[in-house]
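A.B. asks: Whatever this is, show me its structure:
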Amino acid sequence: VVVVADSQVPATQALVRWDPAGFAERELGERRELGFPPAVTMASVTGAPAHVRELLEQIERPGSAELLGPVPVGGAAGESGGSATERALLRVPRDDTLALAAALKTAASARSARKDEHLAQIRMDPLQVV
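C.D. replies: Numbering: from 1, shown residues only. Below you'll find the predicted structure:
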């Protein structure tokens, strides 16, 4: 095996030292410190600003839930023919994963039952965050 990556990158060091367990341990420790998955559960709500805010208002969040955002992502509001897209993140400890999933499902189901065409995409532990 020939490694041509930067030798200062932690993943490269783990490969050279043949220490995947140590690398995984350090990575998980950093993710715990920053509050990123898999140390916590995150859910993203993405869509038009009004739709994201409407869905967030309908969610009965667990007491431990932390709301991050919403913040603009993707296209700008000034672009012709398009509106801005926003994303909000909900973060909970792993113990509250089921409570968050149930709250999101209830809010989405209520909108679906009303045949609401306001779309906001919901994802649990989205790869964009990882």
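A.B. asks: Tell me where this protein has helices.
C.D. replies: Here the chain has its helices, by DSSP state H, at 10-17, 20-34, 49-58, 97-113.
A.B. asks: For Thr46, see how far away Pro70 is.
C.D. replies: Distance of Pro70 to Thr46, computed by C-beta to C-beta, to the nearest Å: 9 Å. No exception for glycine: its C-beta is placed from N, CA and C like everyone else's.
A.B. asks: where do the contact lists of the two overlap?
C.D. replies: 52, 86-88 (C-beta atoms under 8 Å, 6 or more residues apart in numbering).
A.B. asks: Tell me the one among the residues you listed nearest to Ser109.
C.D. replies: Val52 (17.4 Å; C-beta to C-beta).
A.B. asks: So the closest one versus Leu34, what's the distance?
C.D. replies: From Val52 over to Leu34 (counting by C-beta to C-beta), the distance is 23 Å.
A.B. asks: swap in Pro70?
C.D. replies: Distance from Pro70 to Leu34, by C-beta to C-beta: 20 Å.
A.B. asks: Show me what the closest residue to Leu56 other than its chain neighbours is bridged to.
C.D. replies: Using C-beta to C-beta, 6 or more residues apart in numbering and skipping residues adjacent in sequence, the residue nearest Leu56 is Ala88, 5.8 Å away. For Ala88, the beta-bridge partners are Val45 (DSSP bridges).
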